[in-house]
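Colleague: Output the structure for:
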Amino acid sequence: MPDYRNSDMCHAIEEYVRNPRYRKILKLRYCESETYERIAEQVNYSTQHVKYICKTYKETIFSHL
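Modeller: Numbers count the residues shown, from 1 in each chain. Purely as a prediction, here's the structure:
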């Protein structure tokens, strides 16, 4: 993954991810470098579901950077 500024990443997530719960997950992962496991515990989702959300939205986020 290319090295993007944290503020750019957070801005793209805020701007282009409409679901507030998914936005929280993506910010934890890409802005705060949290592990999938810790994110899953915080949002009460399975680790696999958190990975799926991150993978699904990754293209959307990075296409706007």
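
Colleague: use CA for all of it now, contacts and neighbours both
Modeller: OK.

Colleague: helix or strand for the residue sitting nearest the centre point of the chain, which one?
Modeller: The structure's the chain has its C-alpha centroid closest to residue 26; by C-alpha atoms, centre = their mean the separation is 1.4 Å. Taking DSSP states H and E as the criterion, residue 26 maps to helix 20-30.

Colleague: coming back round to it: need the contact list for the closest residue to the residue nearest to the centre of the chain other than its chain neighbours.
Modeller: Leaving out its chain neighbours, the residue that sits closest to residue 26 by C-alpha to C-alpha, 6 or more residues apart in numbering is residue 54, at 6.2 Å. The neighbours of residue 54, taking C-alpha atoms under 8 Å, 6 or more residues apart in numbering as the test, are 25-26, 29.

Colleague: what about residue 54, helix or strand, and which?
Modeller: Secondary structure (DSSP H and E) places residue 54 in helix 47-63.

Colleague: Hey, what's the angle from that helix to helix 20-30? Just curious.
Modeller: If you take axes from the mean of the first three to the mean of the last three C-alpha atoms, to 10 degrees, helix 47-63 sits at 80 degrees to helix 20-30.

Colleague: which of the residues in helix 47-63 are buried?
Modeller: Buried positions in helix 47-63, judged by neighbour count with 16 or more other C-alpha atoms under 10 Å: 47, 50-51, 54, 57, 61.

Colleague: okay, who's weakest in those by pLDDT?
Modeller: In terms of pLDDT, the weakest of these is residue 61, which scores 85.

Colleague: Would you check how far apart that one and residue 38 are?
Modeller: For residue 61, the distance to residue 38 (C-alpha to C-alpha, to the nearest Å) stands at 21 Å.

Colleague: Next: residue 52.
Modeller: When C-alpha to C-alpha is the yardstick, residue 52 and residue 38 sit 15 Å from each other.

Colleague: do residue 64 as well
Modeller: If you go by C-alpha to C-alpha, the gap between residue 64 and residue 38 works out to 27 Å.

Colleague: Then residue 55?
Modeller: Taking C-alpha to C-alpha as the measure, residue 55 and residue 38 are separated by 17 Å.
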